[in-house]
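S.K.: missing the sequence, but the structure's below:
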């Protein structure tokens, strides 16, 4: 079948919306999905800075949502017409997957970033000629259609606004999952969120829904205003004595902190803002050494990296849609939609901070 997709052909060039060809129908355990909308995530854009490690040309996009068109085999658990949110791929049989930790799958990098599944890898081609890289995160959903392992597809209530749900499969899942799963935050807990982008604001909303006291830190006043709207106290990242201000707002120190920035100074500030036994989680990938200041990890403070919000997507996505239906997780207020043909405008707006979460509509 032939359909339009946004193809990235080099690390420097803009996306090109062009016709691509999918040769063959769904294999065993796969489903073909007509994409209703796909979020643009920082991980998609980071391909440009991957130093050649991500294969190109490729169709990116890994926050897809859509309608199942066709299924392969009898064991997908899905039927044509089902509404689904697409999340990251995982093997399903390694120790981590069997232990309900698919984000730490032994094959996570291979399946999602650097090659995808070996079966049927070369059937995705450009209509103008030439093979495209294997599916990105098992999806490649900057496109009108996506062929995905049924394992990454989570059925959702058909009354939900399907075109907006894709970011629940990665960005919003990561922020909310860090708070609800990794931290297990609840009433009377204190949570500091550093960086009020899509992941950070999802964390703010989840922490507020959990009944925690929330402090958001960012350098953009408009992002801080959003955090306040969602129930957080706001602090500018350049505030003097940031750890002291956080300790004041959290009655002596935060129990949890989530860093979405990858900034070493802010990470050290976050550690200093924790109460004894506090936990700082990092979700951003660090590209340089992380020097820790003396005393930041004493008195039982803990530092860990959190991948995909420690979430099982089939459990977490319905939890988040339920919170949205209850008015407690208004993620739709972070979204601006763009037609797929305007993908380069969406990228520019995302990089400039003019939009929190772009969603592309094929």
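M.R.: Okay, I see it. Computed from a predicted structure; not experimentally measured.
S.K.: Now do the helices in the stretch 51-200 of the chain.
M.R.: 95-98, 108-112, 171-177, 198-209 (DSSP state H, counting those that start in this stretch).
S.K.: can you list the weak-confidence ranges in the stretch 101-250 of the chain?
M.R.: 115-123 (pLDDT under 70).
S.K.: Name the residues of stretch 335-352 that come out as buried.
M.R.: Buried residues in stretch 335-352, counted by 16 or more other Cβ atoms under 10 Å: 335, 338, 340, 342-343, 346-347, 349-350. (Each C-beta comes from the backbone N, C-alpha and C, glycine too.)
S.K.: Next one: residue 33 from residue 65, what distance?
M.R.: Distance, residue 33 to residue 65, by Cβ to Cβ, to the nearest Å: 8 Å.
S.K.: what sits in contact with each of those two?
M.R.: Common neighbours of residue 33 and residue 65, counting by Cβ atoms under 8 Å, 6 or more residues apart in numbering, are 84, 86.
S.K.: Leaving out sequence neighbours, find the closest residue to the spatially most central residue of the chain.
M.R.: Compute the mean C-alpha point of the chain, and by Cα atoms, centre = their mean the closest residue is residue 171, 2.1 Å away. The shortest distance from residue 171 to any residue other than its chain neighbours is 4.5 Å, reached at residue 198 (Cβ to Cβ, 6 or more residues apart in numbering).
S.K.: Can you verify my assumption that the one you found contacts residue 333?
M.R.: No: under the criterion of Cβ atoms under 8 Å, residue 198 makes no contact with residue 333, lying 11.5 Å away.
S.K.: These two: who's more crowded?
M.R.: A count of neighbours by other Cβ atoms under 10 Å puts residue 198 above the other of residue 198 and residue 333, at 28 against 12.
S.K.: Residue 170 versus the more buried one, what's the distance?
M.R.: Remark: distance between residue 198 and residue 170 (Cβ to Cβ) = 9 Å.
S.K.: go on, residue 40?
M.R.: For residue 40, the distance to residue 170 - Cβ to Cβ - is 11 Å.
S.K.: who touches both of those two?
M.R.: residue 63.
S.K.: Assign a three-state SS to residue 217, would you?
M.R.: The local conformation at residue 217, judged by DSSP: H, G, I helix; E, B strand; the rest coil, is strand.
S.K.: wait, isn't it in contact with residue 193?
M.R.: Yes: assessed by Cβ under 8 Å, residue 217 is found in contact with residue 193 at 7.0 Å.
S.K.: how about the helices of the stretch 51-200 of the chain in a markdown table, adding distance to residue 82?
M.R.: Formatted as a markdown table, those follow (distance: least, Cβ to Cβ, whole Å):
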| stretch | distance to residue 82 |
| --- | --- |
| helix 95-98 | 23 |
| helix 108-112 | 23 |
| helix 171-177 | 19 |
| helix 198-209 | 25 |
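S.K.: Please identify which of those helices is closest to residue 164.
M.R.: Checking the helices of the stretch 51-200 of the chain against residue 164 by Cβ to Cβ gives helix 171-177 as the closest, at 10.4 Å.
S.K.: And that closest one, what's buried?
M.R.: In helix 171-177, counting by 16+ other Cβ under 10 Å, buried: 171-177.
S.K.: which residues touch stretch 351-362?
M.R.: Stretch 351-362 is contacted from outside by 4, 6, 35-40, 45, 61, 63, 142-144, 163-164, 166-167, 171-172, 197-198, 201, 220, 223, 226, 331, 334-340, 342-343, 346-347, 349-350, using Cβ under 8 Å, 6+ apart.
S.K.: Likewise for stretch 43-57?
M.R.: Against stretch 43-57 from outside (Cβ under 8 Å, 6+ apart): 7-12, 58, 60-62, 113-115, 126, 130, 132-134, 136, 142, 170, 285, 347, 350-351.
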